[in-house]
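*Asks:* predicted structure and sequence below. I'll ask about it afterward.
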Amino acid sequence: MIKLPDNKDLILFDGVCNLCNSSVNFVIRNDNSNRFVFAPLQSGTGEAVIKEFGIDTVKTDSILLLTYDNRLFYKSTAVLKISRHLKFPVNLSVIFLIVPTIIRNWVYDYVARNRYAWFGKKDACMIPTPAIKEKFLS
């Protein structure tokens, strides 16, 4: 079992994706309650979660949310569960949980498939600045 810091939720993201890295920075800026910690999917922590939960990385390769009580959320549900804990008005996007998952994930998958073409890709995972380093698990 993955041990998270007390009352923290872990956001796993594609560490070489520019859109994902920008999204992590957005969450950090808007996480008033200091709820989230982060790790690239390509990290040891990411690999441990993938193994523990038997995640097919061909089908899910861009964002996962592991909550402090060991629940795992994927794709659009992960994004909306994260947004619930961010500053107003971003937190209002949680209302989209009423949209059927199949529709939300169709939109999510479309963006995910095109994220490298639209936003680019890094050669290596993001290296956090000293100011936010404590928010990252290795």
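*Replies:* Yep, it's here. Residues are numbered from 1 along each chain as shown.
*Asks:* show the pLDDT at residue 115.
*Replies:* If you check residue 115, the pLDDT there is 82.
*Asks:* then the one 3 residues further on?
*Replies:* The predicted local confidence for residue 118 comes out at a pLDDT of 87.
*Asks:* buried residues in the longest helix seen in the chain?
*Replies:* Across the chain, the longest stretch assigned as helix under DSSP state H is helix 101-119. For helix 101-119, the neighbour count (16 or more other CB atoms under 10 Å) marks 104-105, 108, 112, 115 as buried. (Each C-beta comes from the backbone N, C-alpha and C, glycine too.)
*Asks:* can I get those in CSV including distance to residue 69?
*Replies:* Listed next are the buried residues of helix 101-119 as CSV, based on distance: CB to CB, whole Å:
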residue, distance to residue 69
104, 23
105, 23
108, 24
112, 26
115, 29
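*Asks:* state the distance from residue 12 to residue 89.
*Replies:* The gap separating residue 12 from residue 89 is 26 Å, by CB to CB, to the nearest Å.
*Asks:* these two: which is more packed in?
*Replies:* Each of residue 12 and residue 89 has its neighbours counted (other CB atoms under 10 Å); residue 12 has more, 27 against 7.
*Asks:* bridged to that one, which residues?
*Replies:* Note on residue 12: beta-bridge partners by DSSP bridges are residue 39, residue 64.
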